[in-house]
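Chemist: sequence-free structure coming up:
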């Protein structure tokens, strides 16, 4: 579990960005995702974008 956390901490934005891009590309092709389910896929993309912000490698500066 620690290895997964370290991987996501270092590369999480890349992984989630690629996943968001793949879902966007698939959703843009007519007929691949039924229109009735498209809203759920858009919600998943929103969650991925949120998580991408949470895994951002930018760390807050600590005052000394």
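Modeler: Received it, and whenever you're ready, just let me know what you need. A quick note: this is a predicted structure, and the numbers were derived from the prediction, not measured.

Chemist: Using the three-state scheme, assign residue 36.
Modeler: Under the three-state scheme (DSSP: H, G, I helix; E, B strand; the rest coil), residue 36 adopts coil.

Chemist: Can you report how many residues lie near it?
Modeler: Using other C-beta atoms under 10 Å, residue 36 is surrounded by 7 other residues. To be clear about C-beta, it is placed using only N, CA and C from the backbone, and glycine gets the same treatment.

Chemist: And residue 16, by the same measure?
Modeler: Residue 16: 20 neighbours (other C-beta under 10 Å).

Chemist: other SSEs contacting the host helix or strand of it?
Modeler: If you go by DSSP states H and E, residue 16 is part of helix 2-28. Judged by 3 or more C-beta pairs under 8 Å, 6 or more residues apart in numbering; DSSP states H and E, helix 2-28 is in contact with helix 38-54.
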